[in-house]
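Asks: Okay, predicted coordinates and the sequence, questions at the end:
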Amino acid sequence: MAGTGKFFVGGNWKCNGTTESIKKLVDELNSVMLEEGVEVVVSPPYLYISQVLGSLSNRIEVAAQNSWVGKGGAFTGEISAEQLADAGVKWVIQGHSERRHVIGETDAMIGKKSAYALSQGLGVIACVGEKLEDREANRTTDVVFEQLQAYADAVGSDWSNIVVAYEPVWAIGTGKVASPQQAQEVHAAIRQWLKEKVSDDVSSKTRIIYGGSVNGANSAELATQEDIDGFLVGGASLKGAEFGVICNAVTAKKVAA
Ligand SMILES: O=C(CO)COP(=O)(O)O
């Protein structure tokens, strides 16, 4: 079953770009003809958020890649959720595997950041995903469910402003995309978990998007899977035309529905 609401595609630019390259990317995005049934967000590095907000078509919203756990103050180097909201940002990515496994953020911290961001009116793109060693040890759903539990513990039963992003770590930036069947299997398991641990309503409404080596060539087939409600795209989101093709995979979704 698919989540309700529009197909959702996010472009996570990670720590990439310069004033000049971002100007070019925004120009490309502004010239893409996006299908109606797709909600699109892009996530520039903090430094370029105002440039993007000032130049990007309002058909596309902006997400931050992180936010502080609570109210701003004496936290050198951090950006708070209320500052993001004040600047016009609508979404924030939390729990990305690079923040979990490179920076060392814990499940508890990610839950707290998500709850605070929601309290400030931001939508949260809540990432989960197993490492290769977890998959090989048949621990995929154990890991994903543990990560989901930490979000649920912190945010409670209102998931109306949360999109869940399943991003297997072994598929991120590797060119090794999960097969449509592998992705569908985990998405269905996530939906079932939401039904058992949160509510029927949250399970049926929450959009569950896939990330990990999504590109213009594989997005349409992935989109036809029942529980894939969109994508979180890294590398291919740095190319405007290709990102447009991925967003418009919503057409394949509609045909399959
Ligand atoms: O991490 C990702 C999106 O958040 C996926 O990255 P790639 O699309 O580059 O594999």
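Replies: Looks like it came in fine. Because the structure is a prediction, the values reported are computed rather than measured.

Asks: Enumerate the residues of this structure near the ligand.
Replies: Counting by Cβ under 6 Å from any ligand atom, the residues of the chain close to the ligand are 12, 96, 167, 172-173, 211-214, 232-236. For every residue, glycine as well, the C-beta is placed using N, CA and C.

Asks: 8 Å instead?
Replies: Contact residues (Cβ under 8 Å from any ligand atom) of the chain with the ligand: 10, 12, 14, 93, 96-98, 127, 165, 167, 171-175, 177, 211-215, 232-237.

Asks: if you look at those, which of them are in strands?
Replies: Cross-referencing the residues of the chain next to the ligand against strands under DSSP state E gives 10, 12, 93, 127, 165, 211, 232-233.

Asks: Separate out the buried members of those.
Replies: For these, a neighbour count by 16 or more other Cβ atoms under 10 Å gives the buried set as 10, 12, 93, 127, 165, 211, 232-233.

Asks: give the contact list for the residue of the chain found nearest the ligand.
Replies: For the chain and the ligand, the shortest gap (Cβ to the nearest ligand atom) falls at residue 234, measuring 2.2 Å. Residues in contact with residue 234 (Cβ atoms under 8 Å, 6 or more residues apart in numbering) are 12, 14, 172-173, 211.

Asks: and the least confident of those residues?
Replies: Lowest pLDDT within these is found at residue 173 (93).

Asks: was I right about that one contacting residue 233?
Replies: No - using Cβ atoms under 8 Å, residue 173 makes no contact with residue 233, being 11.2 Å away.

Asks: Now do the SS call for residue 41.
Replies: Secondary structure, DSSP: H, G, I helix; E, B strand; the rest coil: residue 41 is strand.

Asks: and it, how far is that from residue 163?
Replies: Distance of residue 41 to residue 163, given as Cβ to Cβ, to the nearest Å: 9 Å.

Asks: what do those two both touch?
Replies: By Cβ under 8 Å, 6+ apart, the residues touching both residue 41 and residue 163 are 8, 10, 125.

Asks: Could you export the residues you listed to a markdown table, including columns for distance to residue 154 and pLDDT?
Replies: Listed next are the shared contacts of residue 41 and residue 163 as a markdown table, based on distance: Cβ to Cβ, whole Å; pLDDT from 0 to 100:
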| residue | distance to residue 154 | pLDDT |
| --- | --- | --- |
| 8 | 21 | 98 |
| 10 | 21 | 98 |
| 125 | 15 | 98 |
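
Asks: Turn the residues you listed into CSV, including distance to residue 69.
Replies: Shown next, in CSV, are these (distance: Cβ to Cβ, whole Å):
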residue, distance to residue 69
8, 25
10, 22
125, 17
